[in-house]
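Student: what's the 3D shape of this:
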Amino acid sequence: MSDKKKSSSTAVNLIAGGTAGLFEALCCHPLDTIKVRMQLHRKSGIVKNPGFITTGISIAKKEGVTGLYKGLGAVVMGIIPKMAIRFSSYEFYRGLLKDPNTGVITTGSTFLAGVGAGITEACLVVNPMEVVKIRLQAQHHSMSDPLSVPKYRNAGHAVYVIIKEEGFKTLYRGVSLTAARQATNQGANFTVYSKLKEYLTEHHTQNGNNGVIPSWQTSCIGLISGAIGPFSNAPLDTIKTRLQKETKQASAAGEEIKQSALSRITRIGKDLIKEEGVGALYKGITPRVMRVAPGQAVTFTVYEIVRGWLEQLPALSNKEASAFDE
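Tutor: Reported below is the predicted structural model:
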């Protein structure tokens, strides 16, 4: 791949990425709530784990349709910086990894740039957002009943209570698992998206369409690239959800039980397999794929459209090449 076309500036990546993330969150959050509830559900006796449709209907019936949007405030607070950091850091790492003489970036380097972007967003934004979101989603109170007062009233209140009761570091509980999940997600996501877009750009160039890819095709390649990550890291995501939902553990004497991050992860993984079998590590995989794949389709489509609009503004364009122009 050579860098010949006009690219996005950092400002364009920040604005377009943030806008794309906001649209993705608004479209797909109910599926994320269902996924979290499925991952937190504990099997008892011979009763089967509920499927994603049953889980969704149960939430809507008992907690109101708005119950499917629990934790959305935390996502909205974090989604714009998350997506802005994802796209801008990807471009940054990609620039470091390209051949300085030819401007060519290999498929392996594209993957590493995606991994770097995933780790960066996980550490800076995603993990605290996930802890707050999961605590809100785990509450079974009815959104329509004014007398049903939850422990965490909203995202801001949840942050306050978590820090007050458990300390600031609780917002970073499970950060290693989140970083691993985001790294594999974005490594696969950007690599597959870039290669498919490269192929389609070539195809449309040869067919006299100036290399312009229709929005529906951008959505399709975003859908394909987004579906790959969840299958590769589902166990990590399930253990992470359970870990971040946990509050402080106390002994019989009322003192807090001190556990390292690794011992917590190991304990949760072992208990999950022992009580419910290896298949429990893949709880919520259906709604997760249904959320992540269309979510990436929305993300990349909106990103491309908004980026195109912004680049019409002289103050926001520059001459460095972007992966999304190839």
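Student: what sits up against stretch 20-36?
Tutor: 52, 55-56, 59, 67-72, 75-76, 79-80, 82-84, 86, 133-134, 137-138, 241, 284, 287-288, 290-292, 294-296, 298-303, 306 (CB atoms under 8 Å, 6 or more residues apart in numbering). Just so you know, the C-beta spots here come from the backbone N, C-alpha and C atoms, and that holds for glycine as well.
Student: model confidence over it, on average?
Tutor: If you average the pLDDT over stretch 20-36, you get 87.
Student: and stretch 50-58, by the same measure?
Tutor: Throughout stretch 50-58, pLDDT has a mean value of 88.
Student: before we move on, what about stretch 154-167?
Tutor: 94.
Student: which other residues reach it?
Tutor: Stretch 154-167 is touched from outside by 71, 73-74, 77, 128, 131-133, 135-136, 151-152, 170-171, 247-248, with contacts defined as CB under 8 Å, 6+ apart.
Student: ok, 7 Å please
Tutor: 73-74, 77, 131-132, 135-136, 151-152, 170-171, 247-248 (CB atoms under 7 Å, 6 or more residues apart in numbering).
Student: hey, C-alpha coordinates of that stretch in CSV?
Tutor: Output of stretch 154-167 as CSV, limited to C-alpha atoms (Å, rounded to 0.1, in the frame of the first residue of the first chain):
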residue,chain,number,x,y,z
ASN,A,154,-27.1,7.1,36.9
ALA,A,155,-23.6,7.1,35.5
GLY,A,156,-22.3,10.1,37.5
HIS,A,157,-23.8,8.7,40.7
ALA,A,158,-22.3,5.3,40.0
VAL,A,159,-18.8,6.8,39.6
TYR,A,160,-19.2,8.7,42.9
VAL,A,161,-20.5,5.6,44.8
ILE,A,162,-17.9,3.2,43.4
ILE,A,163,-15.0,5.6,44.2
LYS,A,164,-16.4,6.4,47.7
GLU,A,165,-17.0,2.7,48.7
GLU,A,166,-14.3,0.9,46.8
GLY,A,167,-11.7,3.4,45.7
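Student: just the buried positions in it, please.
Tutor: 154, 155, 158, 159, 162, 166 (16 or more other CB atoms under 10 Å).
Student: from residue 129, how far off is the fifth one?
Tutor: By that I understand residue 162. Per CB to CB, to the nearest Å, residue 162 is found 12 Å from residue 129.
Student: swap in the second one?
Tutor: When CB to CB is the yardstick, residue 155 and residue 129 sit 9 Å from each other.
Student: quick revisit: show me which of the buried residues of stretch 154-167 is closest to residue 105.
Tutor: Distance to residue 105, by CB to CB, is smallest for residue 155 among those, at 37.8 Å.
Student: who are the packing partners of the one helix or strand residue 127 maps to?
Tutor: Assessed by DSSP states H and E, residue 127 sits inside helix 127-137. On a contact count with 3 or more CB pairs under 7 Å, 6 or more residues apart in numbering; DSSP states H and E, helix 127-137 meets helix 10-40, helix 72-97, helix 155-166, helix 175-206, helix 215-245.
Student: now it and helix 215-245, what's the angle there?
Tutor: Angle, helix 127-137 to helix 215-245, by axes from the mean of the first three to the mean of the last three CA atoms, to 10 degrees: 80 degrees.
Student: could you dump stretch 28-43 to PDB, C-alpha only?
Tutor: What follows is stretch 28-43, C-alpha atoms only, in PDB (Å, rounded to 0.1, in the frame of the first residue of the first chain):
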ATOM      1  CA  CYS A  28     -26.900  -1.100  19.600                       C
ATOM      2  CA  HIS A  29     -27.000  -0.600  23.400                       C
ATOM      3  CA  PRO A  30     -30.000  -2.800  24.100                       C
ATOM      4  CA  LEU A  31     -28.100  -5.800  22.700                       C
ATOM      5  CA  ASP A  32     -25.200  -5.000  25.000                       C
ATOM      6  CA  THR A  33     -27.500  -4.900  28.100                       C
ATOM      7  CA  ILE A  34     -28.900  -8.300  27.100                       C
ATOM      8  CA  LYS A  35     -25.300  -9.700  26.600                       C
ATOM      9  CA  VAL A  36     -24.300  -8.500  30.100                       C
ATOM     10  CA  ARG A  37     -27.300 -10.000  31.800                       C
ATOM     11  CA  MET A  38     -26.700 -13.300  30.000                       C
ATOM     12  CA  GLN A  39     -23.000 -13.300  31.200                       C
ATOM     13  CA  LEU A  40     -24.000 -12.500  34.800                       C
ATOM     14  CA  HIS A  41     -26.800 -15.100  34.900                       C
ATOM     15  CA  ARG A  42     -25.900 -18.000  37.200                       C
ATOM     16  CA  LYS A  43     -27.300 -21.400  36.300                       C
END
